[in-house]
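A.B. asks: just a sequence and a predicted model for now, questions to come.
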Amino acid sequence: MSAIDPASAPGFEAVFGAAPDVLAAAPGRVNLLGEHTDYNDGHVLPIAIPQQTTVGMRASAGPGITLHAQNFGQTVEFTLDDAPPDQFARYVFGCLREAARAGVNVPPLQIHVASPVPMGVGLSSSAALEVATLRALRELTAAPWDDVRIAQLAQRAEVEHAGVRCGIMDQMAASLAGSTHALWLDTRTLERRLVPLPGGSEILVLHSGIERTLAASGYNTRRAECERAAELLGLASLRDISDPAVARQLPEPLRRRVRHVLTENARVLQAVEADAERFGELMNASHTSMRDDYEVSHPQLDRLVALLQGQPDVYGARLTGGGFGGACVALCKAGTPRALADLVLAVYQRDNPRGRLLVPWQAGARSPRKETTAMPANWTCSLARTVPSSVMTRHHSVRLDTLMAWPGAQTRRTSALDRIAAPSLILKCPPGVAQCPTRPIPSCVKSVPIQNKAPRARRPWCVPSMSVSVSSN
């Protein structure tokens, strides 16, 4: 079981006035290879991410269920006879309903949910919520479920009650995957094993800034197309195709949908034994297939993936999750993900400032999605207009991730700093300040004491409370 966030118990007490009876957690996941293959009885290769959802649960006098979602600051009440209107609550409702169907006596409950797992980006926040809820219920009621059974109940909850016709990959990953080993899974037989990442490699996950919900996207349409293709071929599933040539008799776009599923299954099986270079090639091919054959990409995703694929320290990159927006994943040389994120986001954020780093992740870090961020009032900055072309794309995200990490005067993301490409920075900070509370200042950024001098008039393109000068070093 995943480690429990110690901040979750006080969160429960603040809402319900007492400690929870049980706490349980489950991680999000990023899928390295095997996209849209799970509901076709295929092979997948997900890995857990550091972010995890924590669920506190306590039996109550009732009546019904009281659910508080810390992320939304919202409390919902419902019974097992009447589904709640809120989508996030439907995931919990579905888990409790499926548990009751499985023979568990579900008592009136107080439930508190807290999660840093990013939502709507393809990292399975819903599966993490479902698995954490069922783990908490298992502990509370002593239900005789193993982790596979929990994944199966979680999948039924999402399909039957949340309106997403998903396969079982996400729930199996949340229930069984680790953060250092990927989970190879045959979704037909549930045969599985943990597979280490290729030697000398690490995972990088970036958000495109394009959010979506699977229930409202073309996800269900793609599944229906696969089912139609299998029906036309007289098969129960596309997994049963023994000769890829039979797909040629299908009309478009079904032919291309089948081609993606067949080639993606093959890529997963090759990746299990691949070194980093070959693994990266398979990821690149997977993105091309998702973009052209399965048509679930997005122009902004394609742009972000192309930027990653163009970096020498990146073995390969692809969109991850259901598509239609969300995140992309890259396999990088060990020790390079954060620097690569700075470099790639420097370019990407010029057109889409909502792009951001998701993994690696540090617990307690401020969310870069806030519309306003802050710095101390005694910090001042200025920005040079002329930047040598050789440094136009270096460490651009220092502006958002390092300079805007402190409490104090508010500064909007839509400031001039978001629009001017001045990536290589000299940071002027008060004496004794050596690093940002959430991450060290990159080595290319020089820290010097601030000089006591009268403030000068700000030009229109300068940002209040910020002073950054450009260095060509």
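C.D. replies: Thanks, I have the structure now.
A.B. asks: could you list the domains of the protein?
C.D. replies: 8-194, 202-359, 365-473 (automatic domain parsing).
A.B. asks: okay if I get those as CSV plus mean neighbour count?
C.D. replies: For every residue, glycine as well, the C-beta is placed using N, CA and C. CSV is the format used below for the domains of the chain (neighbours: other Cβ atoms under 10 Å):
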stretch, mean neighbour count
domain 8-194, 21
domain 202-359, 19
domain 365-473, 16
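A.B. asks: how about CSV for those domains, with mean pLDDT added?
C.D. replies: Listed next are the domains of the chain as CSV, based on pLDDT from 0 to 100:
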stretch, mean pLDDT
domain 8-194, 95
domain 202-359, 95
domain 365-473, 33
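A.B. asks: need the distance between the two termini of stretch 242-250.
C.D. replies: Stretch 242-250 has an end-to-end distance of 15 Å (criterion: Cα to Cα, to the nearest Å).
A.B. asks: next: stretch 64-77.
C.D. replies: 7 Å.
A.B. asks: run the chain-centre distance for it.
C.D. replies: Distance of stretch 64-77 from the chain centroid (Cα atoms, centre = their mean, to the nearest Å) equals 23 Å.
A.B. asks: over to stretch 40-48?
C.D. replies: Offset of stretch 40-48 from its chain centre (Cα atoms, centre = their mean): 16 Å.
A.B. asks: now stretch 277-297
C.D. replies: That offset, for stretch 277-297, works out to 18 Å (Cα atoms, centre = their mean).
A.B. asks: and for stretch 87-97?
C.D. replies: The gap between the average C-alpha position of stretch 87-97 and the chain average comes to 21 Å, counting by Cα atoms, centre = their mean.
A.B. asks: same question for stretch 55-62.
C.D. replies: Centroid separation between stretch 55-62 and its chain, computed with Cα atoms, centre = their mean, is 29 Å.
A.B. asks: ok, now stretch 165-182?
C.D. replies: Taking Cα atoms, centre = their mean, the mean C-alpha location of stretch 165-182 is offset from the chain mean by 13 Å.
A.B. asks: do stretch 118-134 as well
C.D. replies: On Cα atoms, centre = their mean, the centre of stretch 118-134 falls 9 Å from the chain's centre.
A.B. asks: same deal with stretch 271-280?
C.D. replies: 22 Å.
A.B. asks: what sits up against that stretch?
C.D. replies: Contact with stretch 271-280 is made by 32-33, 45, 184, 195, 198-201, 270, 282, 314-317, 331, 333, as judged by Cβ atoms under 8 Å, 6 or more residues apart in numbering.
A.B. asks: could you rerun that using 6 Å?
C.D. replies: Residues outside stretch 271-280 that contact it (Cβ atoms under 6 Å, 6 or more residues apart in numbering): 33, 45, 184, 195, 198, 201, 282, 315-316, 331.
A.B. asks: gap between the two ends of that stretch?
C.D. replies: By Cα to Cα, the extent of stretch 271-280 from end to end equals 9 Å.
A.B. asks: swap in stretch 325-340?
C.D. replies: Where stretch 325-340 begins and where it ends lie 21 Å apart, using Cα to Cα.
A.B. asks: okay, which residue is most central for the protein?
C.D. replies: L123 (3.5 Å; Cα atoms, centre = their mean).
A.B. asks: pretty sure that one contacts G28?
C.D. replies: Yes: contact status for L123 versus G28: in contact at 4.3 Å, counting by Cβ atoms under 6 Å.
A.B. asks: quick one, strands of the stretch 101-250 of the chain?
C.D. replies: Here the stretch 101-250 of the chain has its strands, by DSSP state E, counting those that start in this stretch, at 109-114, 181-186, 192-196, 201-207.
A.B. asks: note down every partner strand of the third one and its orientation.
C.D. replies: Meaning strand 192-196. strand 181-186 (antiparallel) (DSSP bridges).
A.B. asks: and the angle from the partner strand to strand 201-207?
C.D. replies: What separates the directions of strand 181-186 and strand 201-207 is an angle of 80 degrees, with axes from the mean of the first three to the mean of the last three Cα atoms, to 10 degrees.
A.B. asks: and strand 181-186, how far out from the chain middle?
C.D. replies: 18 Å.
A.B. asks: numbering from 13 from now on, please.
C.D. replies: Sure, I'll start numbering at 13, so the last one becomes strand 193-198.
A.B. asks: output that strand as PDB, nothing but the C-alphas.
C.D. replies: Written as PDB, here are the backbone C-alpha positions of strand 193-198 (Å, rounded to 0.1, in the frame of the first residue of the first chain):
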ATOM      1  CA  HIS A 193       9.200  -0.500 -11.800                       C
ATOM      2  CA  ALA A 194       6.600  -0.400 -14.600                       C
ATOM      3  CA  LEU A 195       3.800  -2.900 -14.500                       C
ATOM      4  CA  TRP A 196       3.600  -5.100 -17.600                       C
ATOM      5  CA  LEU A 197       0.000  -6.300 -17.700                       C
ATOM      6  CA  ASP A 198      -1.900  -8.600 -20.000                       C
END
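A.B. asks: so which residues make contact with it?
C.D. replies: Residues outside strand 193-198 that contact it (Cβ under 6 Å, 6+ apart): 44, 55-59, 184-185, 188-189, 204-208, 284.
A.B. asks: now the two most distant members of those.
C.D. replies: Largest separation among the contacts of strand 193-198 by Cβ to Cβ: M184 and P208, giving 18.2 Å.
A.B. asks: circling back to that earlier point, now the strands of the stretch 113-262 of the chain in CSV, with distance to A257?
C.D. replies: Formatted as CSV, the strands of the stretch 113-262 of the chain follow (distance: least, Cβ to Cβ, whole Å):
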stretch, distance to A257
strand 121-126, 49
strand 193-198, 24
strand 204-208, 30
strand 213-219, 35
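A.B. asks: correct me, but E214 touches T348?
C.D. replies: No: contact criterion Cβ under 6 Å: E214 and T348 do not qualify, at 7.3 Å.
A.B. asks: widest-spaced pair of the contacts of stretch 283-292?
C.D. replies: The farthest-apart pair in these, when distances are taken by Cβ to Cβ, is W196 and Y327, at 18.5 Å.
A.B. asks: now the helices for the stretch 13-162 of the chain?
C.D. replies: Listed in chain order, the helices of the stretch 13-162 of the chain (DSSP state H, counting those that start in this stretch) span 20-28, 99-113, 137-153, 159-173.
A.B. asks: of those helices, which is nearest G68?
C.D. replies: For these, proximity to G68 was assessed by Cβ to Cβ; helix 20-28 is nearest, at 3.8 Å.
A.B. asks: what residues are bridge-paired with the closest residue to P119 other than its chain neighbours?
C.D. replies: Setting aside the residues directly before and after it, P119 is nearest to A71 in space (Cβ to Cβ, 6 or more residues apart in numbering), at 4.7 Å. A71 has these beta-bridge partners by DSSP bridges: L121.
A.B. asks: touching, A71 and N117? I think so.
C.D. replies: No: using Cβ under 6 Å, A71 makes no contact with N117, being 10.6 Å away.
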